[in-house]
Each structure stands twice: as structure tokens, then as C-alpha cells.
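S.K.: Provide a 3D model corresponding to the input given below.
(chains A and B)
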Number of protein chains: 2
Amino acid sequence: MKLPIFGLDEISQVAKPAVVFEAVRSALIAHAEGRTSVPAPMVLDFPEYAGDTHVKAGHVAGTPYFVVKVASSFGSVNNGLMLAMDATNGQPAAVLADQGKLTAWRTAAAGALITDAMTPVEVDEVAVLGTGEQALLQVLWLRELRPLRRVKVWGRRPEAVDRLCQQLQAAGLQATPDGLTGAPCVITTTAAREPLPLEAFRNAVHITGIGTDMPGKGELPPEVFAGALVATDDHAQCLHHGDFGNAVRAGVVGEEADAPVGAVLRDRAPHDAKSIADLTGVGATDAAVAAAVLGQLL
Amino acid sequence: MKLPIFGLDEISQVAKPAVVFEAVRSALIAHAEGRTSVPAPMVLDFPEYAGDTHVKAGHVAGTPYFVVKVASSFGSVNNGLMLAMDATNGQPAAVLADQGKLTAWRTAAAGALITDAMTPVEVDEVAVLGTGEQALLQVLWLRELRPLRRVKVWGRRPEAVDRLCQQLQAAGLQATPDGLTGAPCVITTTAAREPLPLEAFRNAVHITGIGTDMPGKGELPPEVFAGALVATDDHAQCLHHGDFGNAVRAGVVGEEADAPVGAVLRDRAPHDAKSIADLTGVGATDAAVAAAVLGQLL
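M.R.: From the prediction side, this is the model:
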């Protein structure tokens, strides 16, 4: 039994943004077109250790591997790995011991792709709400797709806001701790269970919601959905536990009002309306990124 | 990142029947008492390769590891592995590249335990319907728990019946190809989608059903459930896709008529009625077996 295990160092050397962007984009389009297999995730809770583990699986039809991903969050420590199997015979092909980074990168890529696709090309100012790993990644990966001039940051903890501003400045961006004053493009990356302050969205022509990924969470005030063009990475999942579902239950939008993120990425049709992208994470993107990485490692 | 991988040779050296029996017994009792965490399994289909993959997860409260198991069946080839994580921090602990054997053994152990517990002690004659791996294992593991004098075999393919009889004879058992004539104890291990011949069950005081593990399958004629004491390894799962559920939908038994297999194993209360055990496979037994094996390997 030979089962290669690749650690984060090896994975990092091949999982460059261009590779991840292309894999995620293809997977989201395939998902929109019904060419993916993505069973409902499993969740295990470990309340005595403030832990939970999510198991996701996915496959993009016609690609060489399917993937089972185990992602754990215990206290503030995230961990995870992906297991890739040969989709022609079920044989285990490799373990990607990525410590959860491939998930972070595919999330960054999905967010940046749809933010770029739905935000008018001239916009070079974004507000990011939240100060964690995804706040930084969403901005840096978006900058791979378009020039950014200014980033406004908001978070509940001033020291975390300061740190994120410094990280963004170190990356050559003009970053200021005034995220609540809004921007034409707003990206939310929090674990909020109550809507974020409405004022942060008042100038938004596009909003991308990243943080709402399980029942009970909710970042976007439902009223921002009124009249907006809505894209979801997975209709059923976003209806079940995304900001889109919260807005549907609040009666602001109809439950069939959304378009697939993958269709928006594929068609890039011009639009005039305000737009919102709701991302909850799709197992097919894990499979696609793992396949792309293994294509170079194996 | 150190992630030990143990192959089948290493696993076989420590996964002795006594170890597996104890782990499975404890896990089934814990499951009956609500001390396990077992999310609904995931299934991926690969129709172009006649393949399907089942992902199960499980944890027995208070034990050191939780397990995610990937089990694939492509054509006639089964494969699989288990991934064990530290239940206190979510860190990956080890990969058990067992090629599906731990699943085969925990299934054999669960079947043998409940067959032994529910069959009168003087019974030393069993009929086994089906000729695959579990047909052989169910008999051999039951013999670890009680003396067996005679085994009657039935299957659709005469050459498979002959081979199983020879395997059983090589193991020192009196085996004959007359399974349809029945026995006081009947074990079914087929992938049947239509009920097996009723005559095979006419003399049965106990029946253990192993093969019915997904919707569309069904081995036991519903009428054998009439008046029987029924034990299920997981109430919801057996109701959803076990022989018990088929009998409930046929109107032969009520949907609350079953007792947990784990409670039967714990209490071993005497009974006079005919009995049936319906096993669909519980992720907690995977976790328990993996933990027991890793306890010796790590």
C-alpha cells in the first residue's frame, strides 16, 4: 500500500493563485451546470473541546480524483486534510496534509473571482468586514485579478483591525480602519450571528458574503438584498444556511431569486443592479483544487 | 506534518478477533445508550465505472479518536481506508490503509455478537445465505463465540456455493450446499433486491440480516418479522434502508417495534420469541475498531 502524503511545504509550491483560480473557476462552472457530485456534508461536534469537524466530499465529472475533506476547528485552531481517490477505481491516491490551507485558498479564490466578476471594472476601493485569515486573503487574491487602490477595514477588536491594516500596508495597499464608512465593494468575512451594521453597506454596488457557512450564522442585513442581483455558489446550501437563506426567510427575496455563481463566472453578462454573492463553500472546489495540485505533485 | 500510515499487514497483526469483538461490543452498547456521534453517511456515485463510495464518520464519547471512513466498491473490487483524528484537538492521527478489511471484520463481529446473543445456546447448526466474504466471516467469527457443528450454504451460483463449502470445510466445519432447507439460525449476507426464498427461514428461531445496507436492497421476506423480537443496530438507519424498514413499510411490524442491538448485547435478557437482528453498519463501530487498533500500533 503506497499512499503518498504531501505536506504544506510541497503543496504551497504548486498551489499558486493561477492554479487555484483556474481549478475553482472550472469547478464552480461545472457545479452550475450540474456536472458535479457533492453530497451533503457531515458534522461532528466536540463540545467539551469547543471543537467541530466538517467532512465534505466532491467530484467534478470527468476529472481524475474525488476528494474527501476533513476540516476541524477546535477553539481557535483550524486543521484539516484532504484525501484524494482515483475516480475510476476508488483507490486512495494521496493525502494532502494541507492543515486547512487549500480550503482557505479555494475560499479566497471563489470570493475574489465572483467579487471581480460582479463589481464594475472601475472600482478600486473595497471595504472588508472581519479581520481573520479570510479578510486578508480575500483582498490579496482580489488584487491578483484587478488593481486595488484602497482598503477600508472594520472589525470588533481594534487590535485585530490594526494588525490587518498593517498586513495590508505591508503588501503595498493603502489600508485604513474605517470600514463602517462603506465602499462600492464590500466583502464580509466574519463569524457573525447577528447582521453587521447596515451603514457599512450604504455605498455598496457589490457585496460578497464569505463568513456565513452554517445555520445560526448571518452577516448581511437582510434589507441589503432588496432589489439586488444575487449569486449563490450552491442554491440549496445557501438557502439552508447562507445569508441568502436568511434574507429569504426575512421575506426580502424569493427563494428562486438567485443565479449560480458559476453561471455568472462563465457568462460575465453586464448588469446594472446592485449585486450580492453568497458563498457557503462547495465540495467540488475542494476536489478541483486537490486534483490540480496532485496533477503537479504526482 | 507526521501522519503515520499503517497497511493491512500491520493492522492484521493487532486486529485480532478478541480486540475487534470487544471494540464493536462496546461501541454498539454506547450507541444504544446515546453516547456516540454518527452523522448521516455521504454517498458518491460513479456510474460509468459501476462504482460507489460511502463515507462514514463516527465517534464514541470519551474515546481518543474519531474516524472518517471512505469505503468504495467499483465493480467487484472493494477498497477503503480509515482516517483517525485526535478527538481532543482535531489533529489527524493516522491513516489505516486497511483496504476495507476493518469494515469486513467489524461487520463480522457485530453479526456474530448479536447472532450469539439472540440464538439459544444449544443451537449449533446455521444456514448462511450468500457466498461472499461476509458469508464466510459471519460463520467463522460466530464459531469464535460458540461451537458450530454444521453449516448449510445457499447461493445463486453453484460454483460459489461449492467454493464456500470448501472454505468452511477447510476450516474444520461440516458444510453442505442445502441452505434452502433451513436451520434454527439463519444468517443472510446477500446483495438481494428481492426477498430471499421464504422456505429458507421456516425453521429459524433466529435470523441475522447483514446484506441490506442501502435503499433498494432487501433480503428478508417481510412476513418473517411477524411476531419476532427485532433488534436493530441503528433505529433510524434500519428504518430507512434496512430489512426492518422494508417490513415496516410492508405493514408487518410497527416502526417502534425494535430494540437496540447494543441493549440486547448489554442485557442478554432471556427470550422465548423468534428473533431477528437487522444490521446496517454503524460508524461508531468503525471508530471503536480504529481506536483499538491504533491503541496498539501508535
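S.K.: hmm, the helix or strand hosting residue A:73 in reach of chain B?
M.R.: Here residue A:73 sits within strand A:65-74, counting by DSSP states H and E. Yes: applying Cβ under 8 Å from any Cβ of the partner chain, one finds strand A:65-74 in contact with chain B at A:66, A:68, A:70, A:72, A:73, A:74. In short, each C-beta sits where N, CA and C put it, glycine included.
S.K.: residues contacting the residue in the stretch 151-298 of chain A positioned nearest to chain B?
M.R.: Residue nearest to chain B within the stretch 151-298 of chain A (Cβ to the nearest Cβ): residue A:283, separated by 9.1 Å. Counting by Cβ atoms under 8 Å, 6 or more residues apart in numbering or on different chains, residue A:283 touches A:38, A:39, A:41, A:56, A:57, A:58, A:67, A:69.
S.K.: For the first one, what are phi and psi?
M.R.: For residue A:38, the backbone dihedrals are phi -140, psi 90 (criterion: degrees, to the nearest 10).
S.K.: Confirm residue A:116 sits in a helix?
M.R.: Yes: the assignment for residue A:116, made by DSSP: H, G, I helix; E, B strand; the rest coil, places it in a helix.
S.K.: Please tell me how far it sits from residue A:267.
M.R.: Taking Cβ to Cβ, to the nearest Å as the measure, residue A:116 falls 14 Å from residue A:267.
S.K.: sorry, back to before: what's the angle from the strand holding residue A:73 to strand B:65-74?
M.R.: 170 degrees (axes from the mean of the first three to the mean of the last three Cα atoms, to 10 degrees).
S.K.: Mean confidence (pLDDT) on strand A:65-74, please.
M.R.: Per-residue confidence for strand A:65-74 averages out to 94 on the pLDDT scale.
S.K.: Now the residue in the stretch 101-250 of chain A positioned nearest to chain B. Nearest residue, chain neighbours left out?
M.R.: When scored by Cβ to the nearest Cβ, the stretch 101-250 of chain A has residue A:101 as its residue closest to chain B, at 11.4 Å. The shortest distance from residue A:101 to any residue other than its chain neighbours is 6.0 Å, reached at residue A:8 (Cβ to Cβ, 6 or more residues apart in numbering or on different chains).
S.K.: and residue A:231, helix, strand or coil?
M.R.: The three-state label given to residue A:231 by three-state DSSP is strand.
S.K.: you'd agree it is up against residue A:115?
M.R.: No: contact status for residue A:231 versus residue A:115: not in contact, 10.5 Å apart, counting by Cβ atoms under 8 Å.
S.K.: roughly how far apart are the residue nearest to residue A:101 and residue A:14?
M.R.: Relative to residue A:14, residue A:8 is positioned 11 Å away (criterion: Cβ to Cβ).
S.K.: Please apply the same query to residue A:268.
M.R.: To residue A:14, residue A:268 is 28 Å away according to Cβ to Cβ.
S.K.: And residue A:213, by the same measure?
M.R.: When Cβ to Cβ is applied, the distance between residue A:213 and residue A:14 equals 26 Å.
S.K.: Could I get the full set of strands for the stretch 51-200 of chain A?
M.R.: Listed in chain order, the strands of the stretch 51-200 of chain A (DSSP state E, counting those that start in this stretch) span residues A:51-60, A:65-74, A:77-86, A:92-96, A:125-129, A:150-154, A:174-176, A:185-188.
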